[in-house]
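Undergrad: below are the sequence and a predicted model for it; my questions follow.
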Amino acid sequence: MTNYPDVITLLPHRPPMLLVDRLLDVEEKKGRVEAVIGEDHLFLRKDGTLLPETCCELIAQGFGACEGYRRTQKGLSLEGGGYLASLRDMEILLPVRAGDVLTVKTEKVDDCFDTHIVHGEVYCQTKKVAQATVYIFIFQGEAPAPTL
């Protein structure tokens, strides 16, 4: 079993926007992370359910954490950042509630320049609760200049 670093060392996000908790498994194009939905979660609604669109950010952060780990293993810098640029084919299958422990699976399907196309699935125990394909732009070094 691999002893993975804390995700906070791999992502630019900080609480309360850091939504994933730990790496579970990282392969060349695939990865799995865990996310615990606490009672004080940033995107928890008054009825105790998670805003469904949060699953897209979980997929993006899950991929980002795995990609950060892959980069450190290659001796590359983590300087820079990225953002969720777009998504498609999002499906919300079941609600997520406070107290749920989620497994987020990601797989890099393709990339075009600095944009990674990632298919992700979110599970609560063995039940798939959401899936989507996300487009994640990642840059190295300083943020690119605005192009207006």
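TA: Good, I have the coordinates.
Undergrad: could I get the full set of strands for the chain?
TA: Assigned by DSSP state E, the chain shows strands spanning 22-26, 30-36, 80-92, 101-112, 115-124, 127-140.
Undergrad: quick one: closest of these to residue 57.
TA: Comparing the strands of the chain against residue 57 with CB to CB, the closest turns out to be strand 80-92 (6.5 Å). Glycine gets a C-beta too; all of them are placed from N, C-alpha and C.
Undergrad: can you mark which positions in the closest one are buried?
TA: Under the neighbour-count criterion of 16 or more other CB atoms under 10 Å, strand 80-92 has 81-82, 84, 87, 90, 92 buried.
Undergrad: I'd like the distance between residue 4 and residue 136.
TA: Using CB to CB, to the nearest Å, we find residue 4 at a distance of 20 Å from residue 136.
Undergrad: coming back round to it: including distance to residue 61 and mean pLDDT, could the strands of the chain go into JSON lines?
TA: Formatted as JSON lines, the strands of the chain follow (distance: least, CB to CB, whole Å; pLDDT from 0 to 100):
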{"stretch": "strand 22-26", "distance to residue 61": "11", "mean pLDDT": "98"}
{"stretch": "strand 30-36", "distance to residue 61": "8", "mean pLDDT": "98"}
{"stretch": "strand 80-92", "distance to residue 61": "9", "mean pLDDT": "93"}
{"stretch": "strand 101-112", "distance to residue 61": "8", "mean pLDDT": "97"}
{"stretch": "strand 115-124", "distance to residue 61": "10", "mean pLDDT": "97"}
{"stretch": "strand 127-140", "distance to residue 61": "10", "mean pLDDT": "94"}
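Undergrad: which one of the buried residues of strand 80-92 is nearest residue 42?
TA: Ranked by distance to residue 42 (CB to CB), the buried residues of strand 80-92 are led by residue 84 at 15.3 Å.
Undergrad: hang on, isn't that closest one packed against residue 58?
TA: No - under the criterion of CB atoms under 8 Å, residue 84 is not in contact with residue 58, lying 10.5 Å apart.
Undergrad: can you list the strands of the chain in JSON lines and add distance to residue 62?
TA: Shown next, in JSON lines, are the strands of the chain (distance: least, CB to CB, whole Å):
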{"stretch": "strand 22-26", "distance to residue 62": "9"}
{"stretch": "strand 30-36", "distance to residue 62": "4"}
{"stretch": "strand 80-92", "distance to residue 62": "11"}
{"stretch": "strand 101-112", "distance to residue 62": "4"}
{"stretch": "strand 115-124", "distance to residue 62": "6"}
{"stretch": "strand 127-140", "distance to residue 62": "10"}
